[in-house]
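S.K.: Based on what follows, work out the 3D shape:
(chains A and B)
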Amino acid sequence: GENVEQHPSTLSVQEGDSAVIKCTYSDSASNYFPWYKQELGKRPQLIIDIRSNVGEKKDQRIAVTLNKTAKHFSLHITETQPEDSAVYFCAASQSGGSYIPTFGRGTSLIVHP
Amino acid sequence: DVKVTQSSRYLVKRTGEKVFLECVQDMDHENMFWYRQDPGLGLRLIYFSYDVKMKEKGDIPEGYSVSREKKERFSLILESASTNQTSMYLCASTQGGAAGAGELFFGEGSRLTVL
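M.R.: Numbers count the residues shown, from 1 in each chain, chains lettered A, B, ... in the order given. Down below sits the predicted model:
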């Protein structure tokens, strides 16, 4: 089955810096890669996703890049703000079959004012 | 606004008790999931269901069972709760089917403590 590795487990940055979280996956059939943000005490929510026919996707201060050959994808947050502090999860799944996403273990991002 | 509702936010149970965690979604989604969330271990899949009365084991099904009698409702059952089942439980749903892989919608979570 699919295996998703996520690094780092904790990331501490100063407000205004950029943050990068990286994930690797093992199953070359995976073709959908979402990122979820979970604020303290709240449910995980989708912030951005990318499909395998695209190499990069941006939404304001966040972007995701995908390298299918190397089987890795990354979340980039620019101009970080304290409200970006949260746990971020990457996931990988396939559009065919049961669509079960496999999650990384999460990255705790702390943005210091 | 899409909604996944979990019946209990906080539960305290004793070892050996039977525990029911209920989840209801109002989006007519085909796929529903139960995850367990523990610090440093991320989201681990317990069971999922892709249709009414259908269920499949996830990565950590031992000690759990599920029930899906109606499309909108997916229940997680701990037949005999143990202290190592103290955790946060998250329910989620997604459309699946012809729509392909897509966004998971999560409930608020149920924090279970087993004494």
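
S.K.: any weak-confidence spans in the chain?
M.R.: As the question left the chain open, I've gone with chain A. Counting by pLDDT under 70, chain A contains low-confidence ranges at A:96-98.

S.K.: please go with chain B instead
M.R.: Applying pLDDT under 70 to chain B flags residues B:1-2, B:97-100.

S.K.: Quick one: residues contacting the residue most central in space within it.
M.R.: Among the residues of chain B, the smallest C-alpha distance to the mean C-alpha position (CA atoms, centre = their mean) belongs to B:Trp34, namely 2.6 Å. Contact criterion CB atoms under 8 Å, 6 or more residues apart in numbering or on different chains gives B:21, B:23, B:45-48, B:58, B:64, B:66, B:74, B:76, B:89-91 as the residues in contact with B:Trp34. To be clear about C-beta, it is placed using only N, CA and C from the backbone, and glycine gets the same treatment.

S.K.: do you know how far it is from A:Arg43?
M.R.: When CB to CB, to the nearest Å is applied, the distance between B:Trp34 and A:Arg43 equals 14 Å.

S.K.: where do the contact lists of the two overlap?
M.R.: Shared between the contact lists of B:Trp34 and A:Arg43 (criterion: CB under 8 Å, 6+ apart) are residues B:Leu90.

S.K.: Those residues of chain B touching chain A, which are they?
M.R.: If contacts are counted using CB under 8 Å from any CB of the partner chain, the residues of chain B sitting beside chain A are B:31, B:33, B:40-45, B:48, B:50, B:56, B:58, B:90, B:94, B:96, B:100-104, B:106-109.

S.K.: Could you tell me which of these count as buried?
M.R.: B:31, B:33, B:42-45, B:48, B:50, B:58, B:90, B:94, B:96, B:100-104, B:106-107, B:109 (16 or more other CB atoms under 10 Å in any protein chain shown).

S.K.: Just the residues contacting the helix or strand harbouring B:Tyr47, thanks.
M.R.: Under DSSP states H and E, the secondary-structure element containing B:Tyr47 is strand B:42-49. Taking contacts as CB under 8 Å, 6+ apart, the residues outside strand B:42-49 that touch it are A:6, A:44, A:89, A:98, A:100, A:102-106, B:31-38, B:55-61, B:64-66, B:68, B:74, B:76, B:89-90.

S.K.: Generate a PyMOL selection restricted to the buried entries among those residues.
M.R.: Selection of the buried residues among the contacts of strand B:42-49 in PyMOL, burial being defined by 16+ other CB under 10 Å:
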select buried, (chain A and resi 6+44+89+100+102+103+104+105+106) or (chain B and resi 31+32+33+34+35+36+37+55+58+64+66+68+74+76+89+90)
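
S.K.: circling back to that earlier point, are we agreed that the residue nearest to the centre of chain B is in a helix?
M.R.: No - counting by DSSP: H, G, I helix; E, B strand; the rest coil, B:Trp34 is not found in a helix; it is strand.
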